[in-house]
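**Q** Predicted model follows, preceded by the sequence.
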Amino acid sequence: MTAPGQYEEVDLDDLDVDEALALVKEGGAQVPDGSGATGGSPAVPQPSPRGGSREHGEHAADGTSRARAAEHGHHRATPWPEARALAGRAPRRPDAPVSVSLDAALGLVLAAPLAALTDLPSFDTSAMDGWAVAGPGPWDVRAEGVLAGHAEPEPLTDGEAVRIATGARIPQDVTAVIRSEHGRTDEKERLHATREVVPGQDIRPRGQECRSGDPLLQRGTVVTPAVLGLAAAAGYDTVSALPRPRAEVLVLGDELLTEGLPHDGLIRDALGPMLPSWLRALGADVIAVRRLGDDAEALRKALKNSDADLVVTTGGTAAGPVDHVHPTLRRLGAELLVDGVKVRPGHPMLLARTKENQHLVGLPGNPLAAVSGLLTLAEPLLRTLAGRAAPETYTLPLKETVHGHPYDTRLIPVVLREDRAVPLHYNGPAMLRGIAVADALAVVPPGGARPGQELEILDLPWATAGIEVCFT
Ligand SMILES: Nc1nc2c(c(=O)[nH]1)N[C@H]1C(S)=C(S)[C@@H](COP(=O)(O)OP(=O)(O)OC[C@H]3O[C@@H](n4cnc5c(N)ncnc54)[C@H](O)[C@@H]3O)O[C@H]1N2
Ligand code: MOO
């Protein structure tokens, strides 16, 4: 039996009355009945003319569904794929490039191509520990060997060998390097090869990898740990990169506690601790996290004074008595680019241009809805500001049935197991229990998805980039 609360939640609080009725009629809703039991595997909502059977994203593009959406009070909401594309196009220009030392460049995007400042290797070098030999053997071994980092050794004469370490400079006129395991010395310190010696073996010639001036990396390359290594090897102390977009987080809500247990209707702020690291993982430099309560004037002032590239607000996006985001944006003359998205959770999310080079992403207060807003609007916007290309999209087959919203996209936390996306429970808009153990979010088209159906997967930044990368 399913434990209480373990139903795959289609939060009916989340639907308006018509939508809820439509869903029930289509046979897809697992309505929490209080007992917590969901009873077997219920039917997937049947694809309906409302868009479930069409390609994801198409459903709202036609006039009929727009009209229908308007009936359902969604006249302003942008379809999910369009909202992401719009957020990606919103910034007018990325910032001017800056020169960044290698230790601060991880995750940035190269603003100029990287050409080698030196030959690599920069001298003929031994690929193995052993002996450098000249001419045919056996060879007289010199008393003093050559180590990596030593100045250029004396040239060898025919019949001479010198002990050499991996990475050491090859003396002039060397025929080959013999690995230590492929030679032996006799009592007279004469070296005999135990294998055939091929001229040039185990010598890395100068410039084998690149010549000075050779192009190594294109503009637009993301600085990974390997890029840092290559840049250093090629002689760079700094690289030209696009700066991290600067983000400011404004946490709204009088009901939020920053420590201790919930009490007297107050709850812990789950977004203040989550968003800065998440934004960093998305490439932003978080310059401030401020808690403003439900104070419209404080919000107005904070927005007016902020010089961040991106302001992220949490809560206050809906139309409740203390939901100040819309009125404040109106008062400031901001341009609303996205006002609601046809996605669950998170549909009240919004995107506005607040200043010439500043955007605001308004995340709904429900924590999973905020995550949805972050990945729908903040991720593409930050990606563009940072000059990064959109990642290749990919799909995975779904392991189990997922109920859909009749008209909107759903994003649900999944774990990736054996090349399948396994939906997680506890995926309601106010819940973080599912996403906390998730590898990714799966994009469920309107109408739901069946086992085996290929769904687009949105990776969570730390699942692919590694947590350390996120925190530099
Ligand atoms: N009449 C309507 N009411 C609501 C609608 C609607 O369409 N019509 N949409 C609902 C949906 S869906 C969402 S999502 C929320 C969005 O609300 P807001 O963005 O205005 O957020 P709040 O009302 O401030 O908070 C909602 C919920 O989340 C809790 N919250 C807020 N901030 C935090 C935080 N930092 N950490 C943890 N929890 C937080 C808050 O206490 C509320 O419970 O609106 C619905 N209402
Ligand atoms: O569905 Mo709201 O959009 O709970 O997140």
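**A** Yep, that arrived. Numbers count the residues shown, from 1 in each chain. Ligands and ions are numbered 1, 2, ... in the order given.
**Q** which parts of the stretch 301-450 of the chain sit against ligand 1?
**A** 314-320, 323, 345, 347-348, 364-367, 369, 429 (CB under 6 Å from any ligand atom). In short, each C-beta sits where N, CA and C put it, glycine included.
**Q** out of those, who's near ligand 2?
**A** Among these, the residues that sit close to ligand 2 (CB under 6 Å from any ligand atom) are 345, 347-348, 364, 366, 369, 429.
**Q** on that earlier part again, now a PyMOL select for only the buried ones of the residues of the stretch 301-450 of the chain next to ligand 1.
**A** Selecting only the buried entries of those in PyMOL, with 16 or more other CB atoms under 10 Å as the criterion:
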select buried, resi 314+315+316+317+323+345+347+348+364+365+366+367+369+429
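**Q** quick one on the thing from earlier: now tabulate the ones next to ligand 2 among the residues of the stretch 301-450 of the chain next to ligand 1 in CSV and tack on secondary structure and pLDDT.
**A** Below are these laid out as CSV (DSSP: H, G, I helix; E, B strand; the rest coil; pLDDT from 0 to 100):
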residue, secondary structure, pLDDT
345, coil, 97
347, coil, 96
348, coil, 97
364, coil, 97
366, coil, 97
369, helix, 98
429, coil, 96
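**Q** With distance to residue 153 added, can I get these in JSON lines?
**A** Below are these laid out as JSON lines (distance: CB to CB, whole Å):
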{"residue": "345", "distance to residue 153": "68"}
{"residue": "347", "distance to residue 153": "72"}
{"residue": "348", "distance to residue 153": "72"}
{"residue": "364", "distance to residue 153": "69"}
{"residue": "366", "distance to residue 153": "70"}
{"residue": "369", "distance to residue 153": "68"}
{"residue": "429", "distance to residue 153": "70"}
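**Q** For the helix or strand in which residue 249 is found, what is the distance to the chain centroid?
**A** Applying DSSP states H and E as the criterion places residue 249 in strand 246-252. On the basis of CA atoms, centre = their mean, to the nearest Å, strand 246-252 sits 19 Å off its chain's mean C-alpha point.
**Q** can you check stretch 233-243 too?
**A** 22 Å.
**Q** Check the offset of stretch 162-181 from the chain's centre.
**A** The answer for stretch 162-181 is 45 Å, by CA atoms, centre = their mean.
**Q** Leaving out sequence neighbours, find the closest residue to the residue in the stretch 301-450 of the chain positioned nearest to ligand 1.
**A** Distance from ligand 1 to each residue of the stretch 301-450 of the chain (CB to the nearest ligand atom) is smallest for residue 365, at 2.5 Å. Of all residues not flanking residue 365 in the chain, residue 315 sits nearest, at 3.2 Å (CB to CB, 6 or more residues apart in numbering).
**Q** ditto for residue 120
**A** Counting by CB to CB, 6+ apart, residue 209 is the residue found nearest to residue 120 once chain neighbours are left out, at 4.1 Å.
**Q** again, but for residue 170
**A** residue 124 (4.1 Å).
**Q** Quick one: residues contacting that neighbour.
**A** 169-170, 174, 203-206 (CB atoms under 8 Å, 6 or more residues apart in numbering).
**Q** which of these are buried?
**A** Here, 16+ other CB under 10 Å leaves 169-170, 174, 203-204, 206 buried among the contacts of residue 124.
**Q** Tell me the one among the residues you listed nearest to ligand 2.
**A** residue 204 (58.0 Å).
**Q** doesn't residue 122 make contact with the closest one?
**A** No: using CB atoms under 8 Å, residue 204 is not in contact with residue 122, being 10.7 Å away.
**Q** any idea how far the nearest residue to residue 426 once chain neighbours are set aside is from residue 414?
**A** Distances taken as CB to CB, 6+ apart put residue 433 closest to residue 426, at 3.7 Å, once the chain neighbours are dropped. The gap separating residue 433 from residue 414 is 14 Å, by CB to CB, to the nearest Å.
**Q** With residue 245 instead?
**A** Residue 245 is 28 Å from residue 414, where distance means CB to CB.
**Q** between those two, who's got more neighbours?
**A** Between residue 245 and residue 414, residue 414 has the larger neighbour count (other CB atoms under 10 Å), namely 28 against 25.
**Q** Give the helix, strand or coil label for that one.
**A** Here residue 414 is recorded as strand under DSSP: H, G, I helix; E, B strand; the rest coil.
**Q** ditto for residue 107
**A** Under the three-state scheme (three-state DSSP), residue 107 adopts coil.
**Q** returning to what we had before: nearest to residue 448 among the contacts of residue 124?
**A** residue 204 (58.1 Å; CB to CB).
**Q** Tell me which residue of this structure is furthest from the middle?
**A** Distance from the centre of the chain peaks at residue 188, with 62.6 Å (CA atoms, centre = their mean).
**Q** For that residue, list the residues it contacts.
**A** Per CB under 8 Å, 6+ apart, neighbours of residue 188: none.
**Q** What ranges in the chain fall below the confidence cut-off?
**A** Filtered on pLDDT under 70, the chain yields the residue ranges 1-75, 94, 463-472.
**Q** per the record, what domains does it have?
**A** For the chain, the structural domains run 12-75+391-470, 89-94+243-385, 98-119+209-242, 125-204, going by automatic domain parsing.
**Q** Would you mind finding the most buried of the ones you listed?
**A** domain 89-94+243-385 (a mean of 20; mean count of other CB atoms under 10 Å).
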